[in-house]
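[1] using only what follows, build the 3D model:
(one chain, ligands or ions: 2)
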Amino acid sequence: MYGNDFGPSANEGEDVRPIDDAAAQVRFDALLADDERIEPRDWMPAGYRKTLIRQIAQHAHSEIIGMQPEGNWITRAPSLRRKAILLAKVQDEAGHGLYLYSAAETLGAERDELTEMLITGRQRYSSIFNYPAVTWADVGAIGWLVDGAAIVNQVPICRCSYGPYARAMIRICKEESFHQRQGFELLLTLSRGTDHQRTMLQDAVDRWWWPSLMMFGPPDDASPNTAQSMAWGIKRHTNDELRQRFVDMTVPQADVLGVSLPDPDLELVDDHWRHGPIDWDEFNAVLRGEGACNRQRIEHRTTAHTDGAWVRDAAAAYAEKHQRAAA
Ligand SMILES: [Fe+2]
Ligand SMILES: [Fe+2]
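    Residues are numbered from 1 along each chain as shown. Ligands and ions are numbered 1, 2, ... in the order given. Okay, the predicted model is just below:
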């Protein structure tokens, strides 16, 4: 996942189960209380199912849309080695989308419908991907900061109460860790380069720092669904806790890179790096569709979906042929 910054849309849907499901509810609650996993075969409250479908779908959309800012640099990577690394990274993101759409399907969602919801704007993806990647240093900054924030967000989901989501996350987190390192290593190389490269590095960090803090979503006091998600074991930490963890992890790394972070209020207090105020107006504007790339991202995704229709048709025809042969 790329964050909790999808806007105020989680946990909707009322729970309309018949009275005789009371026993099932007791079993569900007991599984949660024992920190066991809920599996697709298990009964679950309608609200739990709906919340998970939405969260997993938005997470999947973020992986797929997240391929765009960096995918744009594959043909312009400065060396064969950098191109191979970037190709591998962007392909990983496609794989993450695939695992996550599959996890959503175990809850009864249809992949076609989820794609439709993304393209028509009824489901969101992480707002971070509405910022452009304007220089090569942005590829490094995205790996270091955006994938870095993603890891902090995602590691706790490896312990999510819903089994298929939790298991998908374990592999995703391993790959995210490679993404974060390749970004840091790219930036470290720039930091040892020319003055121009160091300027490019600083500029990229200046532009990606605040959006990466926004990836953790609104502050806790403006995040009304957190309590229910935590009670369901979908969420393990609040937005502000995760954001703090990310800042604490990242500030010392900025030192190694020799860059400053664009926050004059950043201060070490009781072993924690406290950051200055976040511009939530900017965050909300990007959520409303006013980011630099909102339109471009969805248009590109829509074109890719249309252009890929023949692949889906061919795969369906192939599967049908083999099913007939097997029968
Ligand atoms: Fe990913
Ligand atoms: Fe990643």
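[2] where do the strands sit along the stretch 1-150 of the chain?
    For the stretch 1-150 of the chain, applying DSSP state E, counting those that start in this stretch gives no strands.
[3] near ligand 1, which residues of the chain?
    Residues of the chain lying close to ligand 1 by C-beta under 5 Å from the ion are E63, E93, H96. Using the backbone N, CA and C atoms, a C-beta is placed for each residue, glycine as well.
[4] again, only using 6 Å
    E63, E93, H96, I172, E176 (C-beta under 6 Å from the ion).
[5] and the first one, how close does it get to A314?
    To tie it back to what came earlier, the one meant is E63. From E63 over to A314 the distance is 24 Å, taken as C-beta to C-beta, to the nearest Å.
[6] in terms of neighbours, single out the busier of those two.
    Shown here are E63 and A314; by other C-beta atoms under 10 Å, E63 has more neighbours (25 against 10).
[7] and the residue of the stretch 101-250 of the chain found nearest ligand 2, what's its pLDDT?
    Across the stretch 101-250 of the chain, the shortest distance to ligand 2 (C-beta to the ion) belongs to H179, at 3.7 Å. Note for H179: predicted pLDDT of 97.
[8] looks to me like it is in a helix.
    Yes: assessed with DSSP: H, G, I helix; E, B strand; the rest coil, H179 lies in a helix.
[9] doesn't K89 make contact with it?
    Yes: between H179 and K89 a contact is recorded at 5.3 Å, counting by C-beta atoms under 8 Å.
[10] and which of the residues of the chain next to ligand 1 is nearest to A285?
    E63 (23.6 Å; C-beta to C-beta).
[11] one step back: which ones are touching the residue lying closest to the residue of the stretch 101-250 of the chain closest to ligand 2 once chain neighbours are set aside?
    Spatial nearest neighbour of H179, excluding adjacent residues (C-beta to C-beta, 6 or more residues apart in numbering): D147 at 3.9 Å. Applying C-beta atoms under 8 Å, 6 or more residues apart in numbering, we find D147 in contact with E176, H179, Q180, G183.
[12] now do the first one: how many residues are near it, please.
    Just to be clear, that refers to E176. E176, neighbours per other C-beta under 10 Å, totals 28.
[13] over to it. Which of the three states is it?
    helix.
[14] what about the residue nearest to it when sequence neighbours are not counted, distance to A292?
    Spatially, and ignoring its direct neighbours in sequence, E176 is nearest to I151 (4.8 Å; C-beta to C-beta, 6+ apart). As for I151, its distance to A292 is 25 Å (criterion: C-beta to C-beta).
[15] so for those two, which sits in the more crowded spot?
    I151 (19 against 12).
[16] return the distance of the one helix or strand the more buried one maps to from the chain's centre.
    Here I151 is covered by helix 148-154, with elements defined by DSSP states H and E. The chain centre lies 8 Å from the centre of helix 148-154; the measure is C-alpha atoms, centre = their mean, to the nearest Å.
[17] which strands or helices does it pack on?
    Here helix 148-154 touches helix 163-191, helix 195-214, helix 239-257, going by 3 or more C-beta pairs under 8 Å, 6 or more residues apart in numbering; DSSP states H and E.
[18] which residues outside that helix are in contact with it?
    1-4, 169, 172-173, 176-177, 179-180, 183, 212-213, 215-216, 242, 245-246, 249-250.
[19] cool, stretch 98-117 as well?
    40, 49, 52-53, 56-57, 59-61, 63, 123, 162, 164-165, 168, 171-172, 305.
[20] which one of the contacts of D147 has the most neighbours?
    Most surrounded of the contacts of D147: other C-beta under 10 Å gives E176, at 28 neighbours.
[21] give the contact list for that residue.
    D147, A150, I151, Q154.
[22] same thing but 10 Å
    Neighbour list for E176: 1-2, 89, 92-93, 96, 143, 146-155, 169 [criterion: C-beta atoms under 10 Å, 6 or more residues apart in numbering].
[23] in the stretch 1-150 of the chain, what residue comes closest to ligand 1?
    Closest point on the stretch 1-150 of the chain to ligand 1, by C-beta to the ion, is H96, at 3.8 Å.
[24] quick check: closest non-adjacent residue to that residue.
    Counting by C-beta to C-beta, 6+ apart, the residue nearest H96 is E63, at 4.1 Å.
[25] my guess is that neighbour contacts K89, does it?
    No: taking contacts as C-beta atoms under 10 Å, E63 lies outside contact range of K89: 11.7 Å.
[26] check contacts around T75.
    K83, L86.
[27] likewise for S191?
    G140, Q197, R198, L201, Q202, V256, L257, G258, V259.
[28] tally of neighbours for A23?
    A23, neighbours per other C-beta under 10 Å, totals 9.
[29] check S260 too.
    Applying other C-beta under 10 Å, we find 14 residues neighbouring S260.
[30] which element is it on?
    Counting by DSSP H and E, S260 is found in no helix or strand.
[31] nearest to R76, of the residues of the chain next to ligand 1?
    R76 lies nearest to E93 out of the residues of the chain next to ligand 1, by C-beta to C-beta, at 18.2 Å.
[32] surely D263 is in a helix?
    No: counting by three-state DSSP, D263 is not part of a helix but coil.
[33] thanks a lot, catch you later.
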